[in-house]
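Participant: Take this sequence and fold it.
(one chain, ligands or ions: 2)
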Amino acid sequence: MSSVAITDIGSLVSNDSNIGDGALGIRTNAAIVVVDGKVAWIGDSDKVADADEKVSVSGKTVIPGFVDSHAHLVFAGDRSEEFSARMNGETYSAGGIKTTVAATRAASDEELRANTSRLVSELHRSGVTTFESKSGYALDVANEARSLRIAREFTNETTFLGAHVVPVEFANRSDDYVELVAGEMLHAAKSHAKWIDVFCDRGAFDVDQARTILRAGVDAGLQPRIHANQLANIGAVKLAVELNCASADHLSHLTDKEIDALAGSNTVATLLPGAEFSTRSTYPDARRLFAAGATVALATDCNPGSSFTTSMAFCMAVAVRDMGFSPEQALLAATVGGAKALRRSDIGALSVGMRADFAVLNAPSYIHLSYRPGVDLVDSTWVGGKNVYQR
Ligand code: NIG
Ligand code: FE
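Facilitator: Ligands and ions are numbered 1, 2, ... in the order given. Now for the predicted structure:
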């Protein structure tokens, strides 16, 4: 048994209303005791019991670690020129993915592992304690399996996204590619993946193709999630609800009917502010989702094309500034919202018994995450009670 006490927490956000005030369960002058990687006690700092190790955070803020439920971390190559052209007036399309596919196929395992490792370090530095990662930049049988095998070295939340776009060698034969993804590729990928995802959108896969692939994934033991309504509304949200997807992600275009469908379902609405920001697209209005009672998550969508950021705080700041989130809603969406999008109940809050995943902020309150955009406030990050990043 090993224990560590985190003491002198100026403001603790627990996300547990039994522990402190409001939905964020905020408590001042607090301490947390972690035993064997889990939260064992939360209370007043001056009443903390002895532990093997004591760490004073000297009045700083502690929040539950961010849960990044949507990221594409395994890839090679650079698309900064594409970003530059876009900022000069070009529009974003799904086709840019093919550039990354060529570079990813050509990369060695070591190169892909090193690229992923660098992004994982960045995520830890940004206070992320759990992250999902998708394949989808290889698009052939061996290399999709390879991408997932490498992703698994970093996270258990791995997602098979063989249906990201139709690769060039299948041009004008998209149904043949769907057959490959739902057959041989899924078979090679499934032991390395927990989830299956499809980019169901204009220029990618239509609803019938997405249904075929997601159903095949479910039959193979994977759980479904979906890229929906980023570029256009082709009916992906309805499919997400039909298939009980854990999450429908992007949602840049949403009808009231789709919002009601999400609110009445187990499918989390995941918004990705980095994607609208970096493709200069119109932001969805999250107030419509909150008003309907939908469960909302925020994620980075870290990928080389549409959102090359690992900063959850940046995404929160944009969500607050441009998507109608309150700072409180943004923090909940980036923590417990992400946990729900991954169907996890052991993370996303700091309640007794949960995994001791948290970030220490160099700030007097969590509001500074969106109040101080672009400022790196994370002082340290802890996963299962272990320090994975220290400024
Ligand atoms: O989530 N939308 C599809 N996939 C990624 C973008 C991929 C890319 O442009 O490389 C996304 O935004
Ligand atoms: Fe994505």
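Participant: what's the nearest residue to residue 294 once chain neighbours are set aside in contact with, if anything?
Facilitator: Distance criterion CB to CB, 6 or more residues apart in numbering; nearest residue to residue 294, sequence neighbours excluded, is residue 263 at 4.3 Å. All C-beta atoms are positioned from the backbone trio N, CA, C, and that covers glycine. Contacts for residue 263 (CB atoms under 8 Å, 6 or more residues apart in numbering) come out as 289, 292-294.
Participant: who wins for neighbours among these?
Facilitator: residue 289 (25 neighbours; other CB atoms under 10 Å).
Participant: quick one: the helices in the stretch 101-250 of the chain?
Facilitator: Assignment of helices within the stretch 101-250 of the chain using DSSP state H, counting those that start in this stretch yields the ranges 109-125, 141-152, 174-180, 186-189, 207-219, 236-242.
Participant: and the last one, what does it pack onto?
Facilitator: Applying 3 or more CB pairs under 8 Å, 6 or more residues apart in numbering; DSSP states H and E, one finds that helix 236-242 makes contact with helix 207-219, strand 223-228, strand 247-250, helix 256-263.
Participant: Ligand 1 contacts on the stretch 201-350 of the chain?
Facilitator: Within reach of ligand 1 by CB under 6 Å from any ligand atom, the stretch 201-350 of the chain has these residues: 227, 230, 275, 301, 303-307.
Participant: any idea which of the residues you listed has the most stuff around it?
Facilitator: Within these, most neighbours by other CB under 10 Å means residue 227, with 32 neighbours.
Participant: List the residues that contact the residue nearest to that one when sequence neighbours are not counted.
Facilitator: Leaving aside its chain neighbours, residue 227 sits nearest to residue 199 (4.3 Å; criterion: CB to CB, 6+ apart). If a contact means CB under 8 Å, 6+ apart, then residue 199 has 94, 136, 161, 163-165, 205, 227, 230 as its contacts.
Participant: what's the nearest residue to the residue in the chain that ligand 1 sits nearest to if we skip its chain neighbours?
Facilitator: Nearest residue of the chain to ligand 1: residue 305, at 2.1 Å (CB to the nearest ligand atom). The shortest distance from residue 305 to any residue other than its chain neighbours is 4.7 Å, reached at residue 96 (CB to CB, 6+ apart).
Participant: residues near the one you found, how many?
Facilitator: Residues lying near residue 96 (other CB under 10 Å) number 19.
Participant: Need the pLDDT of residue 95.
Facilitator: On the pLDDT scale, residue 95 is placed at 85.
Participant: Contacts only, for the nearest residue to it once chain neighbours are set aside.
Facilitator: Among residues not flanking residue 95 along the chain, residue 203 sits closest, at 6.5 Å (CB to CB, 6+ apart). Contacts for residue 203 (CB under 8 Å, 6+ apart) come out as 93-95, 165, 231.
Participant: returning to what we had before: who's in contact with the residue of the chain closest to ligand 1?
Facilitator: Residue 305 is in contact with 79, 82, 92, 96-97, 100, counting by CB under 8 Å, 6+ apart.
Participant: Nearest to residue 182 among those?
Facilitator: Distance to residue 182 across those (CB to CB) is lowest for residue 97, with 19.3 Å.
Participant: So residue 174 versus residue 44, what's the distance?
Facilitator: Distance, residue 174 to residue 44, by CB to CB, to the nearest Å: 61 Å.
Participant: Then residue 166?
Facilitator: According to CB to CB, residue 166 and residue 44 sit 59 Å apart.
Participant: between the two, who's got more neighbours?
Facilitator: Counted by other CB under 10 Å, residue 166 and residue 44 do not tie: residue 166 has more neighbours, with 24 against 12.
Participant: unless I'm mixing things up, that one is touching residue 179, no?
Facilitator: No - with contact defined as CB atoms under 8 Å, residue 166 does not count as touching residue 179 (11.8 Å).
Participant: What distance do you get for the residue nearest to residue 95 to residue 3?
Facilitator: To residue 3, residue 203 is 53 Å away according to CB to CB.
Participant: re the thing from before, please produce a markdown table containing the helices of the stretch 101-250 of the chain, extended by mean pLDDT and mean neighbour count.
Facilitator: Below are the helices of the stretch 101-250 of the chain laid out as a markdown table (pLDDT from 0 to 100; neighbours: other CB atoms under 10 Å):
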| stretch | mean pLDDT | mean neighbour count |
| --- | --- | --- |
| helix 109-125 | 98 | 17 |
| helix 141-152 | 98 | 22 |
| helix 174-180 | 98 | 17 |
| helix 186-189 | 98 | 21 |
| helix 207-219 | 98 | 20 |
| helix 236-242 | 98 | 22 |
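Participant: Would you mind putting the ones you listed into a markdown table with distance to residue 87 alongside?
Facilitator: Formatted as a markdown table, the helices of the stretch 101-250 of the chain follow (distance: least, CB to CB, whole Å):
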| stretch | distance to residue 87 |
| --- | --- |
| helix 109-125 | 22 |
| helix 141-152 | 29 |
| helix 174-180 | 31 |
| helix 186-189 | 35 |
| helix 207-219 | 31 |
| helix 236-242 | 27 |
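Participant: Nearest to residue 18, out of those helices?
Facilitator: Of the helices of the stretch 101-250 of the chain, nearest to residue 18 by CB to CB is helix 109-125, at 28.7 Å.
Participant: helices or strands next to the closest one in the packing?
Facilitator: Counting contacts by 3+ CB pairs under 8 Å, 6+ apart, helix 109-125 packs against helix 141-152, strand 378-383, strand 386-390.
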